[in-house]
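Novice: generate coordinates for the sequence data below:
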Amino acid sequence: MKRLSERAKMTTRTIAYGAASTALVAVATMLGFSSAQFYFNLGDALILLVSAIFGPVIGMIAGGIGSFLADLAVYPATMFFTLAIKGLEGLLAGVLFSVIGKKIKGKKASWTLSFVAAVVSTAVMMTGYFICQTFFYGTYASALVALPMDAVQASVSAVLAFVLLFPLKLISFKDRLPKTLKRIPKDPKEEEQSPTEED
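Specialist: Model (predicted):
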């Protein structure tokens, strides 16, 4: 019964954190700053934050669905591309941050590799949109026009997320998460099995 209770708590909390993160990503993506030279929104930075704190699954869900909902409200033409691109960004970032957190112990090395992970994840996002824009515009040359704006979005997001996570220590929130969210309890049937006694 205890294991079942833990599993239920994990599911409830995972859904709650996932739903809240998805809503925040959607809102952050719609809060954009634009000019004639570039466009920037907070969505990618928040995807990196969520992925680092909650892991790859919630990062993928929040990144994909949250950004999809934002596109649905603002620019529906790219919403399915966004669902795949931002979902992949969140998944990749979550995996990279998780591996670094488990394998790298030194602060300097951990910070450095975490920044690289943020850059790689946003670069994947930028590449995904380049492919998307090539499909829409019909030529690579046309898609290249939007590449500088995507590069600004990617680089600023990576720097902002890194600063919030490490120098400002938002990553420490991960240590306060309930244990039931960090691990999947074993099947309760396993607990009921006991070793057989020898005759």
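
Novice: got the contact list for the nearest residue to residue 31 once chain neighbours are set aside?
Specialist: Counting by C-beta to C-beta, 6 or more residues apart in numbering, residue 42 is the residue found nearest to residue 31 once chain neighbours are left out, at 5.7 Å. C-beta: built from backbone N, CA, C; applies to glycine. Neighbour list for residue 42: 28-29, 31, 157, 160 [criterion: C-beta atoms under 8 Å, 6 or more residues apart in numbering].

Novice: which one among those residues gets closest to residue 117?
Specialist: Closest to residue 117 out of the contacts of residue 42 is residue 157 (12.7 Å), distances taken as C-beta to C-beta.

Novice: hang on, that closest one packs against residue 44?
Specialist: Yes. With contact defined as C-beta atoms under 8 Å, residue 157 reaches residue 44; the gap is 3.7 Å.

Novice: between those two, what contacts are shared?
Specialist: Common neighbours of residue 157 and residue 44, using C-beta under 8 Å, 6+ apart, are residue 122.

Novice: strands along this structure, start to end?
Specialist: Counting by DSSP state E, the chain has strands at residues 32-34, 39-41.

Novice: can you pull out the residues in contact with the last one?
Specialist: With C-beta under 8 Å, 6+ apart as the test, strand 39-41 has contacts from 28-34, 149, 152-153, 156.

Novice: swap in 10 Å and give it another go.
Specialist: Defining contact as C-beta atoms under 10 Å, 6 or more residues apart in numbering, one finds that strand 39-41 is touched by 28-34, 67, 70, 74, 146, 149-150, 152-153, 155-157, 160.

Novice: next one: the first one
Specialist: Contact partners of strand 32-34, identified using C-beta under 10 Å, 6+ apart, comprise 39-43, 70, 74, 149, 153, 156.

Novice: from the middle of its chain, how far away would that strand be?
Specialist: Its chain's C-alpha centre and that of strand 32-34 lie 21 Å apart, by C-alpha atoms, centre = their mean, to the nearest Å.

Novice: given that strand, what are its sheet partners and their directions?
Specialist: Within its sheet, strand 32-34 is paired with strand 39-41 (antiparallel), according to DSSP bridges.

Novice: give me the mean pLDDT for the longest helix belonging to the chain.
Specialist: Using DSSP state H, we find that the single longest helix of the chain is helix 107-137. On average, the pLDDT along helix 107-137 is 94.

Novice: what helices or strands is that helix leaning on?
Specialist: With contacts taken as 3 or more C-beta pairs under 10 Å, 6 or more residues apart in numbering; DSSP states H and E, helix 107-137 sits against helix 43-54, helix 56-74, helix 79-103, helix 140-165.
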